[in-house]
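1. pasting a predicted model and its sequence here:
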Amino acid sequence: MKKLPIALAIGTLFASTSVFAADFGTVDANSDGFVTLAEAAVGAPEITEDAFKSADANGDGVLSQEEFTTATAQ
Ligand SMILES: [Ca+2]
Ligand SMILES: [Ca+2]
């Protein structure tokens, strides 16, 4: 079995959690336009720092709506 691309793995992780089946605005609890690891962990306690960093394409420590959508689009 081939390894899944990391984005697909992230998307699967998010999609398996009900909160991440919701939209970006729901996960972005403080509505600042970015999802932090802490915000992500509210909906997906099993998320790892490595998984979060893999979704954080530009490495700024937060997920933009584009990064979030990319990670959860699979
Ligand atoms: Ca936020
Ligand atoms: Ca980012």
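-> Received the coordinates, thanks. Numbering: from 1, shown residues only. Ligands and ions are numbered 1, 2, ... in the order given.

2. and the protein, which residues reach ligand 1?
-> Proximity of the chain to ligand 1, by Cβ under 5 Å from the ion, involves residues Asp28, Asn30, Asp32, Phe34. Placement of C-beta: from N, CA and C, glycine included.

3. hmm, try it at 6 Å
-> Proximity of the chain to ligand 1 is assessed by Cβ under 6 Å from the ion, with Asp28, Ala29, Asn30, Asp32, Phe34, Val35, Thr36, Glu39 identified as the residues in range.

4. just the mean pLDDT for the helix or strand hosting Thr70, thanks.
-> Thr70 is located in helix 65-72, with elements delineated by DSSP states H and E. Per-residue pLDDT values across helix 65-72 average out to 90.

5. remind me what that helix packs against, helices and strands.
-> helix 6-15, helix 24-27, helix 49-55 (3 or more Cβ pairs under 8 Å, 6 or more residues apart in numbering; DSSP states H and E).

6. worst mean pLDDT among those?
-> helix 6-15 (a mean of 59).

7. on that earlier part again, ok, and the most crowded of the residues of the chain next to ligand 1?
-> Val35 (26 neighbours; other Cβ atoms under 10 Å).

8. in the sheet, who's paired with that residue?
-> Here Val35 shows beta-bridge partners Leu63, assigned using DSSP bridges.

9. I'd assumed Leu63 was in contact with it.
-> Yes. Shown here, Val35 and Leu63 form a contact pair, counting by Cβ atoms under 8 Å, at 4.2 Å.

10. quick one: contacts for Gly33?
-> With contacts taken as Cβ atoms under 8 Å, 6 or more residues apart in numbering, Gly33 has the following neighbours: Ser64, Gln65.

11. name the SS class of it, please.
-> Counting by DSSP: H, G, I helix; E, B strand; the rest coil, the backbone at Gly33 sits in coil.

12. give me the phi and psi angles of it.
-> Backbone torsions for Gly33, taken as degrees, to the nearest 10, come to phi 90, psi 0.

13. check contacts around the spatially closest residue to Thr69 that is not a sequence neighbour.
-> Using Cβ to Cβ, 6 or more residues apart in numbering and skipping residues adjacent in sequence, the residue nearest Thr69 is Phe24, 6.9 Å away. Phe24 is in contact with Val35, Gln65, Phe68, Thr69, counting by Cβ under 8 Å, 6+ apart.
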